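A.B. asks: Need a 3D model of the sequence below.
(2 chains)
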Number of protein chains: 2
Amino acid sequence: MIEFEKNHRPLILVTNDDGVDAGGISVLTEVAKEFGNVVVVAPDAAQSGMSNAITVKVPLTLKKVSEDHGLFVYKTNGTPVDCVKLAFNALLPRKPDLILSGINHGSNSSSSVHYSGTLGGAREGAVNEVLSIGFSLLDYRHDARFDAAKPFVRQIINQVIQNKLPDYTFLNVNIPKGNSLKGIKVCRQARGRWVEEFVEREDPRKQKYYWLTGFFQNLEPNSEDTDEYVLKNNFVSVVPCRVDITNHEAIDQLKDQSYEMVAKVIL
Amino acid sequence: MIEFEKNHRPLILVTNDDGVDAGGISVLTEVAKEFGNVVVVAPDAAQSGMSNAITVKVPLTLKKVSEDHGLFVYKTNGTPVDCVKLAFNALLPRKPDLILSGINHGSNSSSSVHYSGTLGGAREGAVNEVLSIGFSLLDYRHDARFDAAKPFVRQIINQVIQNKLPDYTFLNVNIPKGNSLKGIKVCRQARGRWVEEFVEREDPRKQKYYWLTGFFQNLEPNSEDTDEYVLKNNFVSVVPCRVDITNHEAIDQLKDQSYEMVAKVIL
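C.D. replies: Numbering: from 1, shown residues only, chains lettered A, B, ... in the order given. Got it, this is the predicted structure:
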């Protein structure tokens, strides 16, 4: 277990899905250090698109990368969710006060929240009732400018520390690229999906294989209260996301549809 | 693309996360055939705990396993979500009428809905606005009796085909083991989490590694409207699950907390 000098600073866990060496996690760690003692546990290589996956087939490694003035950095062969689980169980002296995941290299708005490893890390924090935020930057350039996101990341972390978050809820924060952002908007997940187009190839033994590709389709481009709309208008989007995904309103509706037959009718 | 004889039967896609050879998908396919023309696309090996993960680092294979009287079976090296995407884009002549995922070998109740590859497959169907159901059997024996679940699987598929499902919603169905089930209950996701205990080992080069293990903790054991309670009382649990995970009630609350600063205040 890691031991910190006795102080009253918050304990902050930082993770991501682009890997421990990515530019985004370096910037996120810098901002995190302004707020507390920081432990980084991140994948040793990119784990993009890993969602809430956990590693069950192979054992997990956990190696210290560095330790410097209250900043501990570890890497593992696991997913972002594994990173959070390992930190909780093998490293941290107590439950952290805050989990930050990202800054992802690319958008995680709309239904991408479901595929994102970055958001998987944040969701795992919220399952464990820790304040959790996933950050993503809509800058797809190889040398994406994560620095530009700093003031917004700082502002949102500050809000979460001050006001906490609604019960069983984490934040999905997406940040447009550039230096001319207009501000921050709280909004909802747009209805949208990836329209896949697989690229078909043939290997030397004449077997077909497929590369996943495709483009995002916003199914409600005119709704002004969605993350997609807000981002298009150069605001940072903040979507509060639930851990409890039950459609509570649907329960009575389904009960009325004679789902609840007793076994003697069914068997 | 697959071509079926012209008929008016529903087109049903079946997938899972335990792999194409698992006992659960065989039973699910048998029931599915009672309702329509069936295409199976499943992982070539177990993809447990893969959640909503997609495969981006390696190309996907897609191989026909068998074709027999309106039943087409394919396998891929991808995740359950990849299976659905491949079926949509490389195999099916049109959007299917129904997606069935499972029957998983083990429970996917409570927060396990987030880690489950079985539910990942069902969620991917719902993102694409197809009626989708994930089935899981709470029988951990090597020779689990999936057969016993058949009448309940049939009943729930029948309900979904008759009444459709609420918008942007899929079903998480868990089935206790055995032959003395009392019936079906529509319920909500229990608040709960996995309390991890990693088993620590050392490799021949003295490097530590960890196997993920642990046990499930139901944080509200006395709530009678949860899936955990219903299952414990020997009923099949049916939880309607949202694709839109926005905590809509939290939006106004966060707006009141001055999240929505304009850039000139932040920068």
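
A.B. asks: the longest helix in chain A is where?
C.D. replies: helix A:150-163 (DSSP state H).

A.B. asks: Send me whichever helix or strand A:Asp252 is part of as CSV with only the CA atoms.
C.D. replies: Here A:Asp252, judged by DSSP states H and E, is contained in helix A:248-255. Coordinates of each C-alpha in helix A:248-255 appear next as CSV, following Å, rounded to 0.1, in the frame of the first residue of the first chain:
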residue,chain,number,x,y,z
HIS,A,248,-37.9,2.9,-14.0
GLU,A,249,-40.8,4.3,-16.0
ALA,A,250,-40.9,1.1,-18.0
ILE,A,251,-41.4,-1.2,-15.1
ASP,A,252,-45.1,-0.5,-14.6
GLN,A,253,-45.6,-0.6,-18.4
LEU,A,254,-44.0,-4.1,-18.6
LYS,A,255,-45.9,-5.3,-15.5
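
A.B. asks: which is the next helix or strand following that helix?
C.D. replies: helix A:263-266.

A.B. asks: What average pLDDT does stretch A:137-146 get?
C.D. replies: When pLDDT is averaged over stretch A:137-146, the result is 95.

A.B. asks: buried stuff in that stretch?
C.D. replies: For stretch A:137-146, burial by neighbour count (16 or more other Cβ atoms under 10 Å in any protein chain shown) applies to A:Leu137, A:Leu138, A:Asp139, A:Ala144, A:Phe146. For the C-beta atoms, the positions are set from N, CA and C on the backbone; glycine is no exception.

A.B. asks: hang on, isn't A:Leu254 packed against B:Val186?
C.D. replies: Yes - between A:Leu254 and B:Val186 there is a contact under Cβ atoms under 8 Å: 4.5 Å.

A.B. asks: okay, and the common contacts of those two?
C.D. replies: Shared contacts of A:Leu254 and B:Val186 (Cβ atoms under 8 Å, 6 or more residues apart in numbering or on different chains): B:Val238, B:Pro240.

A.B. asks: Show me the helices in the stretch 51-200 of chain A, by range?
C.D. replies: A:80-86, A:117-127, A:150-163 (DSSP state H, counting those that start in this stretch).

A.B. asks: what pLDDT, on average, does the shortest one get?
C.D. replies: Per-residue pLDDT values over helix A:80-86 give a mean of 97.

A.B. asks: and it, what other elements does it pack with?
C.D. replies: Counting by 3 or more Cβ pairs under 8 Å, 6 or more residues apart in numbering or on different chains; DSSP states H and E, the packing neighbours recorded for helix A:80-86 are strand A:11-15, strand A:37-43, strand A:71-76, helix A:117-127.

A.B. asks: While we're on the residue nearest the centre of chain A, how confident is the model there?
C.D. replies: Nearest residue to the geometric centre of chain A (Cα atoms, centre = their mean): A:Leu119, 1.9 Å. We have a pLDDT of 98 for A:Leu119.

A.B. asks: That one and A:Ser109 touch, don't they?
C.D. replies: No - using Cβ under 8 Å, A:Leu119 is not in contact with A:Ser109; the gap is 10.4 Å.

A.B. asks: since we're on A:Ser111, how many residues are nearby?
C.D. replies: 27 (other Cβ atoms under 10 Å in any protein chain shown).

A.B. asks: so how far is stretch A:219-236 off the chain centroid?
C.D. replies: In terms of Cα atoms, centre = their mean, to the nearest Å, the centre of stretch A:219-236 is found 19 Å from the chain centre.

A.B. asks: who in the stretch 1-150 of chain A is up against chain B?
C.D. replies: Contacts of the stretch 1-150 of chain A with chain B, taken as Cβ under 8 Å from any Cβ of the partner chain, map to A:46, A:48-57, A:59-63, A:81-82, A:85-86, A:88-90, A:111, A:113-115, A:120, A:123, A:127-128.

A.B. asks: Would you list the buried entries among those residues?
C.D. replies: Looks like the residues of the stretch 1-150 of chain A next to chain B have A:46, A:48-55, A:59-62, A:81-82, A:85-86, A:88-90, A:111, A:113-115, A:120, A:123, A:127-128 buried, using 16+ other Cβ under 10 Å.

A.B. asks: returning to that earlier point: which of the helices and strands packed on helix A:80-86 has the highest mean neighbour count?
C.D. replies: helix A:117-127 (a mean of 30; mean count of other Cβ atoms under 10 Å in any protein chain shown).

A.B. asks: just the angle between that helix and strand A:11-15, please?
C.D. replies: 150 degrees (axes from the mean of the first three to the mean of the last three Cα atoms, to 10 degrees).

A.B. asks: which other helices and strands contact helix A:117-127?
C.D. replies: Packed against helix A:117-127 by the contact rule (3+ Cβ pairs under 8 Å, 6+ apart) you find helix A:80-86, strand A:98-105, strand A:131-138, strand A:169-176, strand A:235-242.

A.B. asks: out of these, nearest to B:Val173?
C.D. replies: Set against B:Val173 and scored by Cβ to Cβ, the helices and strands packed on helix A:117-127 come closest in strand A:235-242, at 20.3 Å.

A.B. asks: so how far is that closest one from its chain's centroid?
C.D. replies: The answer for strand A:235-242 is 12 Å, by Cα atoms, centre = their mean.
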